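# Requesting a structural model of the entry that follows:
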Amino acid sequence: RVDMEFIKSLFALISNVENWSVDDVLSATSIVLVIVGGLFAYRQWKFANTTRRTELINQILEKLRFDKELVTTTYLIDYEDDWYDGNFHDREDDFEYQMDKLMSYLSYICYLQKERKISAKEFCILKYEINRACSSHAVQCYLWNLYHFSRQQGTQCSFQYLIDYGLKQKLI
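Predicted coordinates:
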């Protein structure tokens, strides 16, 4: 609650400018300059923060949509529903590594969203790829296996944020 006496004395001071001393004028000028400087610094900080967030989203999109390994793996999720089979862990073509790379990246995006490092609006740009992966039967089987293996080891799954997101959205 604002004290009325303070407001009255402030108004009296401002309205009685002709009686101001040099110190009063310098103090008032300093206060105005500090306020203007603070507003300018806040505007610059806000602009820099927006620019950093935009760059982060662009980097994520660039990697997700143009990194050859991630794109190839995403296509397999989209078009080859039965890639997770009995031979998955025995393959010699780095496919498990590529799948882990994609799941790790998608989980990282879910982490950013959960920790509010990216906004809901920014997350919408990335949501299709994440929802598509979480909806894939093969991905669900793979995540189920990793989740239970991690629990047996007494640790959290590497892709826990992706799993949590998929469960919360009822995709898994």
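# Let me know the helix or strand that residue 49 is in.
Using DSSP states H and E, the element containing residue 49 is helix 22-66.
# for that helix, packing partners?
Contacts defined by 3 or more CB pairs under 8 Å, 6 or more residues apart in numbering; DSSP states H and E place helix 22-66 against helix 68-79, helix 95-114, helix 120-135. C-betas here are computed from N, CA, C, even on glycine.
# any chance of these in CSV, plus mean pLDDT, distance to residue 40 and mean neighbour count?
Output for the helices and strands packed on helix 22-66, formatted as CSV (pLDDT from 0 to 100; distance: least, CB to CB, whole Å; neighbours: other CB atoms under 10 Å):
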stretch, mean pLDDT, distance to residue 40, mean neighbour count
helix 68-79, 90, 41, 15
helix 95-114, 94, 30, 18
helix 120-135, 93, 26, 16
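# Minimum distance to residue 39: which of the ones you listed has it?
Set against residue 39 and scored by CB to CB, the helices and strands packed on helix 22-66 come closest in helix 120-135, at 25.7 Å.
# With respect to residue 150, which of the helices and strands packed on helix 22-66 lies nearest?
helix 95-114 (12.6 Å).
# And for the closest one, what's in contact with it?
60, 63-64, 69-70, 72-74, 77, 83, 88-89, 117-118, 120, 123, 126, 129-130, 133, 139, 142-143, 158-165 (CB atoms under 8 Å, 6 or more residues apart in numbering).
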